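**Q** I would like to see how this sequence folds:
(one chain, ligands or ions: 1)
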Amino acid sequence: MRVLLLGGTGEATSLAHALAEDSRYQVTVSLAGVTRAPRPLPLPVRRGGFGGASGLAAYLRAEGIAALLDATHPFAARITANAAAAAQATGTPALRLDRPAWSPAPGDDWTEYPGMEALAAALGETPRRVLLTVGQKELAPFRAAPWHHYVIRSVDPPDPASLPPRAEILTATGPFTLEGERALLERHGIEILVSKNSGGEATAAKLVAARERRLPVRLLARPPAPPGLPSVPNTAGALAWLHARRAERGA
Ligand code: NAP
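**A** Numbering: from 1, shown residues only. As a prediction, the model looks like this:
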């Protein structure tokens with residue numbers, strides 16, 4: 001059974017490893033091609049956009065895809081909307097792997113914002129030392145609050161034109177350990193942690209380290225899920241869904 005796995009996350013990598021062992025599925029993994037050196041995958045990989053929902057629909061038809069698994073990042077809203085639309089247009093069974101968002105523990109000073117501009121503005125007028133772990137593409141809003149000292153951690157170096165002045169760049173790929181995150185906050189004298197509410201285990205240790213230091217955490221809220229795309233919270237659910245689609249086809 002031909003499967004298209006939209007990847008770019010740790011969950012997608014786990015699914016790829018599980019499916020590579022299972023000869024009942026012929027899986028292609030699709031990556032946006034954003035990360036310069038993605039981790040190797042044990043399955044055929046295609047890279048780059050499809051050309052919107054219609055391009056993805058054309059791909060599904062041309063390749064005879066019988067199931068579409070969207071395991072992209074919770075903030076990758078465009079490809080998820082395209083997956084929903086293309087699945088509907090072609091009648092392809094489709095599923096979203098949507099890892100649960102993080103939620104605060106009692107006593108946490110967490111605030112969520114609907115957009116990065118609002119979040120940047122809410123950092124306030126007193127200069128602070130801010131750890132930014134929001135990816136490399138959404139840093140420009142922080143140029144509007146140049147009095148803060150930003151420590152920016154991202155997988156690849158951000159475009160220098162997008163940076164606030166005097167930003168320190170740390171390139172690193174998760175998962176991150178609690179010891180490492182404690183040391184990072186200590187070493188840079190971090191006063192506020194800023195992140196997307198990505199959820200998942202791989203990058204959650206920074207929240208624990210921030211909690212230990214009673215640091216405020218400012219989060220970008222999840223984009224809304226597109227209607228009509230069923231979802232599961234983990235890879236086990238995605239595999240169960242796939243096995244059920246195969247059973248339906250009698251494949
Ligand atoms: P996005 O805004 O939803 O997608 C932008 C465009 O990139 C899409 O319209 C699509 O182009 C192409 N694209 C995205 N993911 C693709 C995939 N897996 N395969 C083929 N084309 C893809 O997504 P994004 O936020 O730029 O994220 C890009 C990739 O990075 C995703 O695979 C995501 O899982 C990963 N990622 C994102 C974040 C994040 O915070 N956004 C964090 C970690 C990893 P066409 O319309 O031309 O098809």
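**Q** center of the protein - which residue?
**A** For the chain, the residue nearest the mean C-alpha position is residue 73 (2.7 Å; C-alpha atoms, centre = their mean).
**Q** how far away is that residue from the ligand?
**A** 3 Å (C-beta to the nearest ligand atom, to the nearest Å). In this view, the C-beta of every residue, glycine as well, is placed from N, C-alpha and C.
**Q** next one: residue 178
**A** Taken as C-beta to the nearest ligand atom, the span from residue 178 to the ligand is 21 Å.
**Q** my guess is that residue meets residue 210, correct?
**A** No - in this structure, residue 178 is not within contact of residue 210 by C-beta atoms under 8 Å, at 11.0 Å.
**Q** which one of these two has more residues nearby?
**A** Legend: neighbour count by other C-beta atoms under 10 Å for residue 178 and residue 210, higher for residue 210 (23 against 14).
**Q** how about the secondary structure of that one?
**A** Secondary structure, DSSP: H, G, I helix; E, B strand; the rest coil: residue 210 is helix.
**Q** wait, what's in contact with it?
**A** 185, 190, 193, 217 (C-beta atoms under 8 Å, 6 or more residues apart in numbering).
**Q** of those residues, which belong to helices?
**A** residue 185 (DSSP state H).
**Q** could you dump the contacts of residue 210 to a markdown table with neighbour count?
**A** A markdown table is the format used below for the contacts of residue 210 (neighbours: other C-beta atoms under 10 Å):
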| residue | neighbour count |
| --- | --- |
| 185 | 21 |
| 190 | 22 |
| 193 | 23 |
| 217 | 21 |
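**Q** check the secondary structure at residue 146 for me.
**A** Going by three-state DSSP: residue 146 is coil.
**Q** got the buried residues for stretch 53-63?
**A** 53, 56, 57, 58, 59, 60 (16 or more other C-beta atoms under 10 Å).
**Q** repeat that for stretch 152-164.
**A** So stretch 152-164, judged by 16+ other C-beta under 10 Å, has buried residues 152, 153, 154, 155, 158, 162, 163, 164.
**Q** likewise stretch 25-34?
**A** By neighbour count with 16+ other C-beta under 10 Å, stretch 25-34 contains the buried residues 25, 27, 28, 29, 30, 31, 32.
**Q** and which of the residues you listed is nearest residue 87?
**A** residue 30 (13.9 Å; C-beta to C-beta).
**Q** what mean pLDDT does the helix or strand harbouring that closest one get?
**A** Using DSSP states H and E, residue 30 sits in strand 26-31. The pLDDT scores in strand 26-31 average 98.
**Q** which elements pack onto it?
**A** Using 3 or more C-beta pairs under 8 Å, 6 or more residues apart in numbering; DSSP states H and E, the elements in contact with strand 26-31 are strand 2-6, helix 10-20, strand 45-47.
**Q** mean neighbour count and mean pLDDT for the ones you listed - can I get that in JSON lines?
**A** Output for the helices and strands packed on strand 26-31, formatted as JSON lines (neighbours: other C-beta atoms under 10 Å; pLDDT from 0 to 100):
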{"stretch": "strand 2-6", "mean neighbour count": "23", "mean pLDDT": "98"}
{"stretch": "helix 10-20", "mean neighbour count": "19", "mean pLDDT": "96"}
{"stretch": "strand 45-47", "mean neighbour count": "14", "mean pLDDT": "97"}
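**Q** between these, which one is nearest to residue 123?
**A** helix 10-20 (28.7 Å).
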